[in-house]
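K.L.:
what's the 3D shape of this:
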Amino acid sequence: MGNNDYQSFLDMLSCERNEKKYDWRSDVSVPTFTTLWLMQQGLAATQSFFTRDFTEVYIGDSKVTNAAKAEKRLINNTLNQRELYYYQKLLRANGAKDLDGAAYFRCWWEQKTVRGIVGTEIQQRDSESVDIHGDLLIDRAKQIAGIEFFESPVEGEVPIIDRFNFDIIDRRDIFTSAEHTYSIQQDKWNIIQYNATITWMVNHADEMGFFNLDILRNTKIRGDTRGKGTHTDEYGIPKGQESGKVPIKDWLIVERYGDDWVLIKEDEEGNQIGIEPGIDDKGSQLEDAVLISVISAFAVSQGHKILVRFQQNPYRSATGESYIPLIRGLCYIHPSKKDGMGDGKCSRELQIAVDDTVNISNDRVMLGTLMTFVGRKGAVESNDTIFMEPGHVITVEDTEADLKELKIESNVGDAMAQAQFLTRKMEQLQATNPAVPSPVQTATSDVIDEQITTVRNQFKQMSFSNTFYNEFYWMIAQMTWQFAFPETLTKLIGEDMVEDFNPSLAYAYKPITSAIETEHGKAAKIRTYTTMLQIEAQFENPNTPKVLNFIKSRIYELQGAEFEEFKDALFDESVGGGGGGSTPAIQGAPASNELGIEQSNAEIGARENASFV
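P.N.:
Residues are numbered from 1 along each chain as shown. So this is what the prediction gives:
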């Protein structure tokens, strides 16, 4: 997707109309697309953050279920960290992929340490009071001092920041290789760009592997390091207007992830200590160069291009595989484009059509409202009384022939019907039902719309889950395993399960959003569980309270209540079930629509929800 297309999607979202510019004609943008987009973002927010648990983790081997529980606890506790800003970042990504089809992410591990006491060790020294036999030490010339043990503090690196982090890559700041791939991990290369100051690079030199920073600091840039910056619009694009002086000049960092030819540097014992570029100035491969996964970066500014990063890819999984810390999440899978497709491309033409139709209609209303005259040429050329003013009289020879008002019909019903038609097409395109009451829609058609909306939303969630969440959760576990201090790992997982943590196993992840049910689906399940509760209560069996407690807990969960809040309301399972009485009759579903067909669960739910409106 080109930058111009993405920019046009952002303009459409912000109701910035760039198609036509008039001095006097109507030029408004109807927020049709924005309304539907906001609805989808609201739905995504309520689905993703209705609970503080974000994923379920499964594994086929029942012997290592504790490992899956430890993985789940790690992921959920990581995403609940305040410093991660997970809510803001996820919604930003969700909005971007709905517009353009794809959202790109960069992950990294943040770590900052200070010297401090990390523990103690047992040391020994000569006793000052007893000899080796335990007797009182009196004469060192005749007695051998005993050995006493003591704890000595051990200094080391104490983490003050030790956490996983990630951020969204703006669609205009990432460039990928051309071949079709199913994951960004399969791309031959990926290039991202971002702005950074020398101060930021110095502070993150160890984390990012930066070097040549002294060269950057001594490089003369026009305007020096106190050059003038520029104002930017809401998308970060420079407007070209000079602002006040800024204290530090930004460099554009162009960072590449991919295989590259390198020369391996080794110490005297044959241990690898670093790498160097394996090509010469002409781009030819050097002798003894090998091809490995490399992260390289150039700092670019005003014609200067300086290599500031060239390191072997440091990211390794628990099984020893190399991976890049980038993820691509898709809105819809496209048959030929690896970056998928979103709602923006097709919605844009419909949005332009809606805007054009409404603006033409507005022009018609304005022309029909303003007074416009037609007059005989000879009667109006030298007549300076022809103007409108309260109490003013226009003088003409013949009021019927010299001057009369031009009547313009302002009936815009057809235009409004066309705008409504186009809006409906956009709703169908995005499968988003705004649920606005309409006299021409029956309860059945409303339920059908809701079902279509639910299916499309689930389709989006499945696409995003399988392209983003699976890799995202896996990457959290791998980076934690590779970089986290032991105390950080214990804090995230807990002392009771830290020994069970095993990121090398093949887990299956299921985001909580994939398990969310619609309201009428929940209502149908509650009715089914209630019926089961009535039936099971009739049986005299010692296990009856257990069965009833399970059914009640499922009802509580479907109603949105936490199970712990109702634990005191459950039956005492130590007392056997009593039973007795007859099973109550189960009534059939009432008639549904004008055809007299019994209601489906969806229709029952729709009618029950409508009763609260």
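
K.L.:
The stretch 51-200 of the chain: strands as residue ranges?
P.N.:
Per DSSP state E, counting those that start in this stretch, the stretch 51-200 of the chain carries strands over the ranges 55-58, 102-131, 145-169, 174-176, 189-196.

K.L.:
quick one: low-confidence ranges for the chain?
P.N.:
Along the chain, the parts satisfying pLDDT under 70 run over 1-3, 19-24, 222-249, 433-453, 513-521, 560-613.

K.L.:
make it 50
P.N.:
Counting by pLDDT under 50, the chain shows low-confidence ranges at 223-244, 436-439, 564, 581-586, 595, 611-613.

K.L.:
what residues go with each domain of it?
P.N.:
1-116+340-373+407-509, 170-330, 519-610 (automatic domain parsing).

K.L.:
Nearest to Asp162, out of those?
P.N.:
domain 1-116+340-373+407-509 (4.4 Å; C-beta to C-beta). For the C-beta atoms, the positions are set from N, CA and C on the backbone; glycine is no exception.

K.L.:
quick one on the thing from earlier: could you export the domains of the chain to a markdown table, including columns for mean neighbour count and distance to Glu400?
P.N.:
Listed next are these as a markdown table, based on neighbours: other C-beta atoms under 10 Å; distance: least, C-beta to C-beta, whole Å:
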| stretch | mean neighbour count | distance to Glu400 |
| --- | --- | --- |
| domain 1-116+340-373+407-509 | 17 | 13 |
| domain 170-330 | 15 | 56 |
| domain 519-610 | 14 | 58 |
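
K.L.:
any idea how far Gln185 is from Glu71?
P.N.:
Look at Glu71 and Gln185: by C-beta to C-beta, to the nearest Å, they are 20 Å apart.

K.L.:
quick one, helices of the stretch 151-300 of the chain?
P.N.:
198-203, 205-208, 213-218 (DSSP state H, counting those that start in this stretch).

K.L.:
The ones you listed: which one's closest to Thr120?
P.N.:
Nearest of those (C-beta to C-beta): helix 205-208, 27.9 Å.

K.L.:
Give me the residues contacting the closest one.
P.N.:
Outside helix 205-208, the residues within contact range by C-beta atoms under 8 Å, 6 or more residues apart in numbering are Trp108, Trp109, Glu110, Gln111, Met201, Phe211, Leu213, Arg309.

K.L.:
Between those residues, which sits nearest Glu397?
P.N.:
Nearest to Glu397 among the contacts of helix 205-208, counting by C-beta to C-beta, is Met201 at 84.4 Å.

K.L.:
Excluding residues flanking it in the chain, which one is nearest that closest one?
P.N.:
Leaving aside its chain neighbours, Met201 sits nearest to Phe210 (4.9 Å; criterion: C-beta to C-beta, 6 or more residues apart in numbering).

K.L.:
would you list every one of the strands in the stretch 451-600 of the chain?
P.N.:
So, for the stretch 451-600 of the chain - with DSSP E, counting those that start in this stretch - the strands run 508-511.

K.L.:
And the helices in it?
P.N.:
Counting by DSSP H, counting those that start in this stretch, the helices of the stretch 451-600 of the chain are 470-483, 486-493, 519-536, 544-558.

K.L.:
Longest helix in this structure, please.
P.N.:
Determined from DSSP state H, the single longest helix within the chain is helix 344-369.

K.L.:
which helices and strands sit right next to that one?
P.N.:
helix 3-13, helix 32-48, helix 86-100, helix 413-430 (3 or more C-beta pairs under 8 Å, 6 or more residues apart in numbering; DSSP states H and E).

K.L.:
Select, out of the helices of the stretch 451-600 of the chain, the one closest to Gln40.
P.N.:
Minimum separation from Gln40 across these (C-beta to C-beta) falls at helix 519-536, 17.3 Å.

K.L.:
Show residues contacting stretch 162-172.
P.N.:
Under C-beta under 8 Å, 6+ apart, the answer for stretch 162-172 is 1, 3, 6-7, 78, 81, 83-84, 89, 92-93, 96, 100, 102-113, 192, 236, 326, 472, 476, 479-480, 483-485, 488.

K.L.:
rerun at 7 Å
P.N.:
With contact meaning C-beta atoms under 7 Å, 6 or more residues apart in numbering, stretch 162-172 is reached by 1, 3, 6, 78, 81, 83-84, 89, 92-93, 96, 100, 103-111, 192, 476, 479-480, 484-485, 488.

K.L.:
Also stretch 413-427?
P.N.:
Outside of stretch 413-427, the residues within contact range by C-beta under 7 Å, 6+ apart are 32-33, 36, 347, 350, 353-354, 357-358, 360-361, 433-434.

K.L.:
Against Gln47, how distant is the most centrally placed residue in the chain?
P.N.:
What sits nearest the mean C-alpha location of the chain, by C-alpha atoms, centre = their mean, is Leu90, with 2.2 Å. As judged by C-beta to C-beta, Leu90 and Gln47 stand 11 Å apart.

K.L.:
Ok, Gln420 next?
P.N.:
29 Å.

K.L.:
ditto for Gln41
P.N.:
For Gln41, the distance to Gln47 - C-beta to C-beta - is 11 Å.

K.L.:
Could you do Met426 as well?
P.N.:
For Met426 relative to Gln47 (C-beta to C-beta), the value is 22 Å.

K.L.:
Go ahead and confirm Thr113 touches Glu155.
P.N.:
No: between Thr113 and Glu155 there is no contact under C-beta atoms under 7 Å: 11.7 Å.

K.L.:
ok, Val202 - contacts?
P.N.:
For Val202, the contact set (C-beta under 7 Å, 6+ apart) comprises Leu213.

K.L.:
Stretch 316-330: how far from the chain's middle?
P.N.:
The chain centre lies 18 Å from the centre of stretch 316-330; the measure is C-alpha atoms, centre = their mean, to the nearest Å.

K.L.:
how about the strands of the stretch 51-200 of the chain, which one is nearest Ile512?
P.N.:
strand 55-58 (6.4 Å).

K.L.:
looking just at contacts, which helices and strands does that closest one meet?
P.N.:
When contacts are defined as 3 or more C-beta pairs under 7 Å, 6 or more residues apart in numbering; DSSP states H and E, strand 55-58 sits against helix 65-79, strand 508-511.

K.L.:
Those: which one's closest to Ala145?
P.N.:
helix 65-79 (49.5 Å).

K.L.:
and the closest one, what other elements does it pack with?
P.N.:
Helix 65-79 makes packing contacts with strand 55-58, helix 470-483, helix 486-493 when contacts are defined by 3+ C-beta pairs under 7 Å, 6+ apart.

K.L.:
other SSEs contacting the second one?
P.N.:
Spelled out, it's helix 470-483. Using 3+ C-beta pairs under 7 Å, 6+ apart: helix 470-483 touches helix 65-79, strand 102-131, strand 145-169, strand 326-330.

K.L.:
residues touching Leu263, list them.
P.N.:
Leu263 touches Ile275, Glu276, Gly278, Leu286, Asp288, Ala289, counting by C-beta under 7 Å, 6+ apart.

K.L.:
from the contacts of helix 205-208, which single one is nearest Gly368?
P.N.:
Trp108 (61.3 Å).

K.L.:
and the closest one, what are its bridge partners?
P.N.:
When bridges are called by DSSP bridges, Trp108 pairs up with Asn165.

K.L.:
Wait, it touches Pro325, no?
P.N.:
Yes: the pair Trp108 and Pro325 passes the contact test of C-beta under 7 Å, sitting 5.9 Å apart.
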